[in-house]
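Visitor: no sequence on this one, just coordinates:
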């Protein structure tokens, strides 16, 4: 949660938040961000590079890539190669 929702809302209303944000490290958001950062820097990337340079676990890589493609954030170029949309 951000400062506004955590502190300012409590001060203004006296109502404390009940939910807390899930952990980021090792989450789908974390893995997606790592791949997008890599592609922003390198232009293109292969699945194997994402595994090694982005430190994404083998058991998660397919799911992460499929979600990024589905969301239109990356596009496949061929067998196991991806880039940011043009």
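Guide: Right, received. Where do you want to start? Note that the structure is predicted; figures quoted are calculated from it, not measured.

Visitor: Which helix runs longest in the chain?
Guide: The residue-count maximum for a helix in the chain (DSSP state H) belongs to helix 28-42.

Visitor: In the very next helix or strand once past it, which residues are buried?
Guide: Next in sequence after helix 28-42, counting helices and strands by DSSP states H and E, comes strand 44-46. For strand 44-46, burial by neighbour count (16 or more other Cβ atoms under 10 Å) applies to residue 45. For every residue, glycine as well, the C-beta is placed using N, CA and C.

Visitor: what helices or strands is strand 44-46 leaning on?
Guide: Secondary structure elements in contact with strand 44-46, counted by 3 or more Cβ pairs under 8 Å, 6 or more residues apart in numbering; DSSP states H and E, are helix 28-42, strand 81-83.

Visitor: With distance to residue 9, mean neighbour count and mean pLDDT added, can I get the ones you listed in CSV?
Guide: Formatted as CSV, the helices and strands packed on strand 44-46 follow (distance: least, Cβ to Cβ, whole Å; neighbours: other Cβ atoms under 10 Å; pLDDT from 0 to 100):
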stretch, distance to residue 9, mean neighbour count, mean pLDDT
helix 28-42, 23, 15, 94
strand 81-83, 40, 16, 95
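
Visitor: Could you point out which of the ones you listed sits nearest residue 12?
Guide: Closest to residue 12 of the helices and strands packed on strand 44-46 is helix 28-42 (Cβ to Cβ; 28.8 Å).

Visitor: rewinding a little: show me what the longest helix of the chain is packed up against.
Guide: strand 44-46, helix 47-53, helix 58-70, strand 81-83.

Visitor: May I ask which helix or strand of the chain has the lowest mean pLDDT?
Guide: Least confident helix or strand of the chain, by mean pLDDT, DSSP states H and E, is helix 3 with a mean of 61.

Visitor: For residue 53, the count of nearby residues, please.
Guide: Using other Cβ atoms under 10 Å, residue 53 has 14 other residues around it.

Visitor: Could you find the closest non-adjacent residue to it?
Guide: Distances taken as Cβ to Cβ, 6 or more residues apart in numbering place residue 38 nearest to residue 53, at 6.1 Å, with adjacent residues excluded.
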